[in-house]
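[1] just need the structure, nothing else, for what follows:
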Amino acid sequence: MSSILRISEAASLGIHALVLMASTEEPLQVPRIARTLKVSEAHLSKVLQRLSKTPLLKSVRGPRGGYMLALPPKEITLLQIWETIDGSMDPNYCLLENIDCQSAGKCIFKDLTRKIYDEVRNSLGSTRLDNVPMGIKTLD
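    Got it, this is the predicted structure:
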């Protein structure tokens, strides 16, 4: 049985990296972010390259370059980051990955999974980078 909240490592890396970027106005380099988050530089680099092709993030060239937010932190939600990386959330999620019972209207969980989906989507959609509690103490 799969978990009820599926978030990829890439989406988690993207969210955490952009939260770090919201704490500074200077470009951050991949090695510095990777050390702070204790993650693979290679994987982080791929995630940030992907995000830099969107309106959320921009890359800055040069010796003091790196990545920085392309928008103010108050204009970026966690949902935007999640969906940029993982795609849209599925409101018809089945714990057994079997849509037959739902399509017949006989899901034993009734509307529980839909309520959870709505709660998660609303929470991520209303949480902006400027109001995320900083769980990471400092940048290395």
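[2] what is the least confident helix or strand in this structure?
    Lowest by mean pLDDT, DSSP states H and E among the helices and strands of the chain is helix 100-103, with a mean of 59.
[3] which residues does the nearest residue to Val19 once chain neighbours are set aside contact?
    Excluding its sequence neighbours, the residue lying closest to Val19 (CB to CB, 6 or more residues apart in numbering) is Val132, at 5.1 Å. In short, each C-beta sits where N, CA and C put it, glycine included. By CB atoms under 8 Å, 6 or more residues apart in numbering, the residues touching Val132 are 19, 22, 78.
[4] now do Val132 against Leu112, distance only.
    27 Å (CB to CB, to the nearest Å).
[5] Arg128 too?
    28 Å.
[6] ok, Asp130 next?
    For Asp130, the distance to Leu112 (CB to CB) stands at 32 Å.
[7] circling back to that earlier point, among Arg128 and Leu112, which residue is more densely surrounded?
    Taking neighbours as other CB atoms under 10 Å, Arg128 and Leu112 compare with Arg128 leading, 17 against 12.
[8] torsion angles phi and psi at the more buried one?
    Torsion angles at Arg128 (phi, psi; degrees, to the nearest 10) stand at phi -100, psi 160.
[9] residues in contact with it?
    With CB under 8 Å, 6+ apart, Arg128 has these contacts: 73-78.
[10] change it to 7 Å
    Residues near Arg128 by CB atoms under 7 Å, 6 or more residues apart in numbering: 73-74, 76-77.
[11] out of those residues, who's the most crowded?
    Busiest of the contacts of Arg128 [other CB under 10 Å] is Ile76, holding 24 neighbours.
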